[in-house]
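Engineer: give me the fold of what follows.
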Amino acid sequence: MFIDDIEASWLESPFWRSRLVLTRDEQIEALVAKDIQWVTIDDNKGKGLPSSREPRANAAKSQNSEKRGHIAQPARAVKRRAPSHSQPYIPPPGEQRFTRLTPRERAAEVRKAKGAIKRSRTAVMNLFQDARLGNAVKSKKMATLIEQIANSVAIDPTIILNIARLKTKDEYTYLHSVAVSALMINLARKLRFPEAQIPDIGMAGLLHDVGKISIPDSILLKPGKLDEQEWTTVRLHPQKGHEILLASDGVCDMALEVCLRHHEKMDGTGYPGRLDGDDLSLITRMASICDVYDAITSQRPYNKPQSASQALKTMQSCSGHFDQLILRDFAESLGIVPIGTLVRMDRAELAVVIGESPSDYAAPIVRTFRALDSDLPIVPQDIDTGRKRSRKVISIEDPDDWDFADWSTVSADLLAEEDLT
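Structural biologist: Model prediction:
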């Protein structure tokens, strides 16, 4: 039986599509149980109501309907598009760029990363202090630190980034520079930049906020909102930093550009030049993403940090700010799945990402809601995929491929459910 329309909201209907083929008695029972008062059946695309069902005919109205350019869907939930639109959650072994570490090896890398962070913080503090005193920035002295950061990122970027996220308000500016450097190196490798350019890209991240030395601490560390005059002062820091780096020897062009342009936006509303996307280089677009991501996932005087998955969702919703294609690559480079993402689980179920595992921000916490074999809702279950022997995410799915006309509303309803863990 082909159902052409179900007069009910998504939450009221037992099915996620309003047009589908029914092949089993339990699917009809599901309609009756939900007290659906009206459905439209197209006899041209399937059988009508059997005689055994006639006593319940008042629960559904059978009539021929015009074809609306939509092929009949089988009872099992299947995609409208080719399976190639799915993004495998775990890349094939040949595509994995990071080393799988044993607990002992990981502990050793954590110690190395902590040492690199400590040395980088001291070096960046000294660099900023030299700039405050009017001295030239000696970027060549940072080359060894950039190499250490790059080596740590190559093994596993989550190690150094997890450590760098633990910033106090007094060291935020310095460790933010280190984190942006690591993020840009990691993203550059994802985008397959030549390895010879990695040191300059890391240096650009490390020096991007040197202009903040021109901002008084009373503004930089202010716990409340800034007034317009204070914002005017803040918006001058890219130009101030650019002037400092121009007056210094040996600073690469990439660092000069990132320092001046990392607050520009794709829609032309950024500062200082209000340049639109056509005038922004790839490295500038990368820097904008890395800068904002670390900022909103860090503890700062005026806001609480967001989780990695929530930060990605926030950034995806910032229309006009970021290059969304590069943002997708950025998320993939860290293995982060944004909150609200539709995923396919093992055991043939669909789920929505609701957060990230406390033990690994690249492992999502998901909420299951639909069985694919029956095309029926299931009792939601929250699953932390970062736990040992936990169920696994098979792929990231495009909601359009599953006939979700308004996935933002559907996902919001699912996210609004109480914690089910």
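
Engineer: now the spatially most central residue of the chain: how far from Tyr361?
Structural biologist: For the chain, Leu312 is the residue whose C-alpha lies nearest the centre (CA atoms, centre = their mean; 3.1 Å). Separation of Leu312 from Tyr361 (CB to CB, to the nearest Å): 10 Å. Every residue, glycine included, has its C-beta placed from N, CA and C.

Engineer: so what sits against both of the two?
Structural biologist: Shared contacts of Leu312 and Tyr361 (CB atoms under 8 Å, 6 or more residues apart in numbering): Ile336.

Engineer: does the residue nearest to the centre of the chain touch Ser333 like I think?
Structural biologist: No: if you go by CB atoms under 8 Å, Leu312 and Ser333 don't touch, sitting 11.5 Å apart.

Engineer: so who does the residue nearest to the centre of the chain touch?
Structural biologist: Residues near Leu312 by CB under 8 Å, 6+ apart: 293, 327, 331, 336-339.

Engineer: on the three-state scheme, Val366 is what?
Structural biologist: Judged by DSSP: H, G, I helix; E, B strand; the rest coil, the three-state class of Val366 is strand.

Engineer: which helix or strand in the protein has the lowest average pLDDT?
Structural biologist: The weakest-scoring helix or strand in the chain, judged by mean pLDDT, DSSP states H and E, is strand 61-62 (a mean of 35).

Engineer: same question for stretch 345-353, mean pLDDT?
Structural biologist: Model confidence over stretch 345-353, given as mean pLDDT, is 93.

Engineer: same question for that stretch: list its buried residues.
Structural biologist: The neighbour-count check on stretch 345-353 (16 or more other CB atoms under 10 Å) flags 345, 349-353 as buried.

Engineer: export those to CSV and tack on secondary structure and distance to Met125?
Structural biologist: Formatted as CSV, the buried residues of stretch 345-353 follow (DSSP: H, G, I helix; E, B strand; the rest coil; distance: CB to CB, whole Å):
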residue, secondary structure, distance to Met125
Met345, strand, 46
Glu349, strand, 50
Leu350, strand, 49
Ala351, strand, 44
Val352, strand, 43
Val353, strand, 38
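
Engineer: so which of those comes closest to Gly241?
Structural biologist: The shortest approach to Gly241 among the buried residues of stretch 345-353 belongs to Val353, at 36.7 Å (CB to CB).

Engineer: show me the domain layout of the protein.
Structural biologist: Domain segmentation of the chain under automatic domain parsing yields 2-75, 103-334, 337-415.

Engineer: pLDDT weak spots in the stretch 101-250 of the chain?
Structural biologist: Residues of the stretch 101-250 of the chain meeting the criterion pLDDT under 70: 169.

Engineer: at 90 what do you get?
Structural biologist: The stretch 101-250 of the chain contains residues with pLDDT under 90 at 101-107, 116-118, 120-121, 135-136, 138-141, 155-174, 217, 220-225.

Engineer: how much space between the residue lying closest to Leu342 once chain neighbours are set aside and His208?
Structural biologist: Distances taken as CB to CB, 6 or more residues apart in numbering put Glu397 closest to Leu342, at 4.5 Å, once the chain neighbours are dropped. Counting by CB to CB, the gap from Glu397 to His208 is 35 Å.

Engineer: which of the two has more neighbours?
Structural biologist: Neighbours per residue, other CB atoms under 10 Å: of Glu397 and His208, the larger number sits with His208, 29 against 20.

Engineer: the more buried one contacts His262, doesn't it?
Structural biologist: Yes: checked against CB under 8 Å, the pair His208 and His262 is within contact range at 5.1 Å.

Engineer: any common contacting residues for the two?
Structural biologist: Contact criterion CB under 8 Å, 6+ apart; residues bridging His208 and His262 by contacting each: 287, 291.

Engineer: what's the closest non-adjacent residue to the residue nearest to the centre of the chain?
Structural biologist: Using CB to CB, 6+ apart, the closest residue to Leu312 is Pro338 (3.8 Å).

Engineer: strands of the stretch 201-350 of the chain, start to end?
Structural biologist: Secondary structure of the stretch 201-350 of the chain by DSSP state E, counting those that start in this stretch: the strands cover 342-345, 349-357.

Engineer: quick check: the nearest residue to Tyr271 once chain neighbours are set aside vs Glu257, distance?
Structural biologist: Among residues not flanking Tyr271 along the chain, Arg235 sits closest, at 4.8 Å (CB to CB, 6+ apart). Relative to Glu257, Arg235 is positioned 18 Å away (criterion: CB to CB).
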